[in-house]
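Trainee: Fold the following.
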Amino acid sequence: MALLESVKIPLGTTMPAFELKDPYGKSHKSSELFGERGLLVVFTCNHCPYALAVWPRLVRLARYGRGMRVNCAAINPNINPDYPDDAPDKMILKIKELGIDFPYLVDDTQQVAEAFKAQCTPDIYLFDKNKALVYHGRIDDNWKDEDAVRCEELKEAMNNMAAGRPISSKQTPSMGCSIKWKG
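Mentor: Take a look at the predicted model:
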């Protein structure tokens, strides 16, 4: 497990368009995933300890965001025979286990992860209604211990975006396991 941080991407970058299937085989177009005020995109997986630690927070934040008309989509780029815990059939188990009620998508070619310049799981992107990147950082200030969290940066960014307030450009990168790139 190689620990990496997300790479710095200029705020205002336009979200790459994509179309991916969920583990049930249903296709989802990025243009149809947006809520009225934006879209939270998280590259994540089933086996990385960093991703596992924040999955429950992500599920709650997605529900919270929907109340502000911000949708969420998770994308698994680790479809790799060397990581069977991340296979689509295991994604279905994770959806049921955590009650994931937003699209959890299969990036089996890893082309979407490459287009986003995703590096780690989780790698978090918040786009406004114009598909412009407004936040690319961590969920909060303590991935290990949710009870010790003092600053919920992603939630603050979502609140500010939904209210039309400025979002701080000082953003701490997310960190996690490296994406398991093929070949």
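
Trainee: what about Thr14, how many neighbours?
Mentor: A count of neighbours around Thr14, defined by other Cβ atoms under 10 Å, yields 10. The way it works is simple: take the backbone N, C-alpha and C, and place the C-beta from them, glycine included.

Trainee: Tell me if I'm right that it and Val134 touch.
Mentor: No. Applying Cβ atoms under 8 Å, one finds Thr14 not in contact with Val134, separated by 11.7 Å.

Trainee: Bridge partners for the residue nearest the centre of the chain, pull those for me.
Mentor: In the chain, the residue lying closest to the centroid (Cα atoms, centre = their mean) is Val42, at 0.7 Å. Val42 forms beta bridges with Ala74, Ile124, as assigned by DSSP bridges.

Trainee: What's the separation between it and Gly176?
Mentor: Using Cβ to Cβ, to the nearest Å, Val42 is found at 11 Å from Gly176.

Trainee: For the residue nearest to the centre of the chain, report the pLDDT, please.
Mentor: Per-residue confidence at Val42 stands at 98 (pLDDT).

Trainee: dump the residue contacts of it.
Mentor: By Cβ atoms under 8 Å, 6 or more residues apart in numbering, the contact set of Val42 is 58, 72-75, 122-125.

Trainee: For Ile95, give its distance to Tyr64.
Mentor: Ile95 is 19 Å from Tyr64, by Cβ to Cβ.

Trainee: Compare these two (neighbour count), which wins?
Mentor: Shown here are Ile95 and Tyr64; by other Cβ under 10 Å, Ile95 has more neighbours (18 against 14).

Trainee: Nothing else from me, thank you.
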